[in-house]
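Colleague: Let me see the structure of the following:
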Amino acid sequence: MVDIIVIGGGPAGLTAALYAARAGKTVQVIEREATGGQIALSPLVENYPAIPAMAGADFAFQLTEQVEKLGVEIIYGEATAVEPVLMGFAVTVDDEAKAARAVVLATGAAHRHLGLEGEEDLVG
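Modeller: Next comes the predicted model:
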């Protein structure tokens, strides 16, 4: 059993994992696709405190690297259920049960597409 499972590996989830690990907690991050979330698709991030400007993919990579150096385990899979159990929570990830004392939901958002011709060329 770990102290905290964070569901979602975007900036919010990775930041939660970062602070929890710095506080001495054992942490797992569950991410369905790739860490970084929507920010990884941004060609330029220049409105984040202390970062003058960088590609979103670079930002996502550096944040992921930072939490991994603190011992956070990133598990790639889909969390499909969270249930309270004695002493914490059971999180189902790709049909496998994980146990944690606490769960942080940081599932992010998804772009809504209009379905217009040429729309994919403008993503990012």
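
Colleague: all helices for the protein, in order.
Modeller: 11-22, 56-69 (DSSP state H).

Colleague: Now do the strand ranked longest in the chain: distance to the chain's middle.
Modeller: Taking DSSP state E as the criterion, the chain has its longest strand at strand 96-105. How far strand 96-105 lies from its chain's middle: 14 Å, per Cα atoms, centre = their mean, to the nearest Å.

Colleague: for it, packing partners?
Modeller: For strand 96-105, the elements it packs on are strand 2-7, helix 11-22, strand 27-31, strand 79-85, strand 88-93, judged by 3 or more Cβ pairs under 8 Å, 6 or more residues apart in numbering; DSSP states H and E. To be clear about C-beta, it is placed using only N, CA and C from the backbone, and glycine gets the same treatment.

Colleague: partner strands of it, parallel or antiparallel?
Modeller: strand 2-7 (parallel), strand 88-93 (antiparallel) (DSSP bridges).

Colleague: who's in contact with that strand?
Modeller: Residues from elsewhere that reach strand 96-105 (Cβ atoms under 8 Å, 6 or more residues apart in numbering): 1-8, 13, 16, 20, 28, 30, 75, 77, 82, 85, 87-92.
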